[in-house]
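Visitor: the sequence and its predicted three-dimensional model are supplied below.
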Amino acid sequence: MKTNNILQAEDMRYAKIQRLIDLLCPKEQNILEVLAEDGISPFDVGKRIKVDGKNIRIKNRDYIAAELQRVTINTEGSMAIYDRNGRKLCGSMDLNVSSKNVELFCLWVRENNVPAEVVSGTRERIFQWCVLAVVVLLRIVYKALKIINNGG
């Protein structure tokens with residue numbers, strides 16, 4: 001039962017990632033037409049990003065959409081925003097699949113013609129495996145030290 005719930009949650013997560021990719025890529029033109037009619041009122045994306053018209057505030061710095069070089073989303077759900085110099089303005093800690101209003105942000109990116117790019121999630125997956133390996137290694141070392149201190 002738990003395994004089934006985990007698989008279902010994972011499927012839902014990847015479905016949301018695919019939905020965001022679809023919003024960023026020019027497949028759903030009709031959404032943009034509805035958006036253009038209604039307009040987007042100011043909104044927050046996560047905790048450190050605020051969007052208002054063509055302006056975006058990232059970590060207390062203001063930018064206009066034209067100053068953004070690209071927005072990336074990887075297949076694991078992390079996103080990043082880059083400026084015209086290629087410098088990352090914010091990454092996965094501030095902008096990811098679980099961020100509040102991330103769908104609106106994707107529509108804002110499309111409406112303002114900010115290039116969007118889907119990148120591989122391999123680096124993130126490798127990082128996750130490295131963290132897991134370090135945790136396992138630390139646990140083994142901890143148990144070994146505990147045995148040595150109790151027995152020695």
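Guide: Ah, there it is.
Visitor: okay, residue 52: pLDDT?
Guide: Predicted confidence (pLDDT) for residue 52: 90.
Visitor: tell me, how many residues neighbour the nearest residue to it once chain neighbours are set aside?
Guide: With Cβ to Cβ, 6 or more residues apart in numbering as the criterion, residue 52 has its nearest non-adjacent residue at 4.0 Å, and that residue is residue 42. Heads up, the C-betas are built off the backbone N, CA and C, glycines and all. Neighbours of residue 42 under the rule other Cβ atoms under 10 Å: 10.
Visitor: enumerate every residue touching residue 66.
Guide: Neighbouring residues of residue 66 by Cβ atoms under 8 Å, 6 or more residues apart in numbering: 54, 112.
Visitor: roughly how far apart are it and residue 112?
Guide: Distance, residue 66 to residue 112, by Cβ to Cβ, to the nearest Å: 8 Å.
Visitor: mutual contacts of the two, please.
Guide: residue 54.
Visitor: can you pull the contacts of the residue nearest to residue 52?
Guide: Residue 42 makes contact with 50-53, according to Cβ under 8 Å, 6+ apart.
Visitor: do residue 105 as well
Guide: When contacts are taken as Cβ under 8 Å, 6+ apart, residue 105 is in contact with 43, 45, 49, 51, 95, 99.
Visitor: ditto for residue 109
Guide: Residue 109 neighbours (Cβ under 8 Å, 6+ apart): 24, 71, 116.
Visitor: related to what we said a few turns ago, where's the residue nearest to residue 52 relative to residue 55, distance?
Guide: 9 Å.
Visitor: what's the most distant pair in the contacts of residue 105?
Guide: In the contacts of residue 105, the most distant members under the criterion Cβ to Cβ are 43 and 95, with 13.4 Å between them.
Visitor: counting neighbours, go ahead and name the busier of the two.
Guide: Legend: neighbour count by other Cβ under 10 Å for residue 43 and residue 95, higher for residue 95 (24 against 14).
Visitor: residue 24 versus the more buried one, what's the distance?
Guide: Distance of residue 95 to residue 24, given as Cβ to Cβ: 12 Å.
Visitor: how about residue 62: what's its closest non-neighbour residue?
Guide: Distances taken as Cβ to Cβ, 6+ apart place residue 55 nearest to residue 62, at 6.0 Å, with adjacent residues excluded.
Visitor: cool, and residue 68?
Guide: Nearest to residue 68 is residue 114, by Cβ to Cβ, 6+ apart, at 4.8 Å.
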